[in-house]
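Peer 1: okay, predicted coordinates and the sequence, questions at the end:
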Amino acid sequence: MKIDLGLAEGLKTPLYWYDLSILTSTLEEIKRCIENKPVKVHYAVKANHNPKIMKVIADAGFGADCVSGREISASLKAGFPAKSICYAGVGKTDRELIQGMKEGIGYFNVESLEELEVMEELAREYGYTADVALRVNPNIDAHTHHYITTGLEENKFGIDLSMLDRAVDKVVSSTCLNLVGLHFHIGSQITDMKPFELLCDKINELVSRYSEKGIEFKIINVGGGLGIDYDDPEGHPIPDFKRYFDTLLKNIKLRPGQELHCELGRAIVGQCGALISKVTYVKQGVKKKFIILDAGMNDLMRPALYGAHHKIKNISASEGSPLEMYDVAGPICESSDIFGKDEELPVTHRGDLIALLSAGAYGESMASTYNIRTLPESVLV
């Protein structure tokens, strides 16, 4: 990631810094990997809803994966065609369902029998026909943090395999719902391809079983989940998309006319963003030193929420500066407002600029005004 120290020093911190060269290179690599293949990629808007970031992705020809009505509105405003939008979420409200139907979005990823009942009732009442993909809970462990594992049977997401026949029958027999596909999502920050291989096996089993009943699915949506390298973001700014897409296309037995849909978020925007913060104090403790930043957990929630770690870099330090050990913390009145412990960094001083890398996903989009703090601004370079 390229961070212009001279430019950054003239900006108010904390702020989100986006390197558009990384974003465009990432998008180009995805397009190269899926060229001439029956694959469509929907950008998971929840990862980063910065309108300028979204516009770059829309202009590159990607679709959008939304999980709220306001995400649908933001996607349309950014230039994503309505038909390129798929809409997921376990708790879609009546207003949001009607909005999606009225806007003519591509399809709804439906997560329960109860949601199907409401959708059918609303579609009939307002005179719409809604395309739906059924989100199946395949009971596959993605071996990631329990907060971002979504494919186990005890998770709130998706339709359990034991209930899937009822859901399929419900849509097939409806006059205002149209069954277009199956949808899956087993978790996030997955870097081992084995869980995806297991998912492919489950998909093949289900598609074959329903085909024998005369039911075909145009769309097989595998969700997202591909992880990024938080440990060495500068060495690996672009995920291994070739391995990811090769795994899916090799193991899913797509039938003629079937499309593979993916919902990538973190893998697209994670490495193009950094949170830039200024050192307010270097505090000497009894046994250790603390770097106190002007950015807190309200600006970057992942470390406090998941115990996640972002590589921390003192961008003000000169090359070859001696190193010291620090705990890096924010100003929020919570003990969990810690970005890193025992971080080996160049000797740091009050006023230095610190970059928390790999913050393009679930950074700005999850920021809050906790402690009545101002939301961080953003700069795109």
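Peer 2: Now that the structure is in, tell me what you want to look at.
Peer 1: so Glu263 belongs to a helix, correct?
Peer 2: No - applying DSSP: H, G, I helix; E, B strand; the rest coil, one finds Glu263 to be strand, outside a helix.
Peer 1: quick check: it vs Ala82, distance?
Peer 2: Per CB to CB, to the nearest Å, Glu263 is found 17 Å from Ala82. Bear in mind the C-beta positions are built from the backbone N, C-alpha and C, glycine included.
Peer 1: in terms of neighbours, single out the busier of these two.
Peer 2: The neighbour comparison of Glu263 against Ala82 (other CB atoms under 10 Å) goes to Glu263, with 28 against 15.
Peer 1: show the contacting residues for that one.
Peer 2: When contacts are counted by CB atoms under 8 Å, 6 or more residues apart in numbering, Glu263 is found next to Val41, His42, Tyr43, Ala44, Asp65, Cys86, Ala88, His185, Asn221, Gly223, Gly224.
Peer 1: so the fourth one sits against Gly265, correct?
Peer 2: Yes - Ala44 sits in contact with Gly265 when judged by CB atoms under 8 Å, with a separation of 2.9 Å.
Peer 1: so those two - more neighbours on which side?
Peer 2: Counted by other CB under 10 Å, Ala44 and Gly265 do not tie: Ala44 has more neighbours, with 27 against 23.
Peer 1: that one bridge partners, please.
Peer 2: Using DSSP bridges, the beta-bridge partners of Ala44 come out as Asp65.
Peer 1: what's the pLDDT at it?
Peer 2: Here, the pLDDT recorded for Ala44 equals 98.
Peer 1: next one: Glu153
Peer 2: Here, the pLDDT recorded for Glu153 equals 52.
Peer 1: could you do Lys341 as well?
Peer 2: On the pLDDT scale, Lys341 gets 97.
Peer 1: ok, it - contacts?
Peer 2: Shown in contact with Lys341 (CB under 8 Å, 6+ apart): Asp327, Val328.
Peer 1: so it sits in a helix?
Peer 2: No - inclusion of Lys341 in a helix is not indicated when three-state DSSP is applied; the result is strand.
Peer 1: which other helices and strands does the longest helix seen in the chain contact?
Peer 2: In the chain, with assignment by DSSP state H, the single longest helix is helix 194-211. Counting contacts by 3 or more CB pairs under 8 Å, 6 or more residues apart in numbering; DSSP states H and E, helix 194-211 packs against strand 177-183, helix 241-251.
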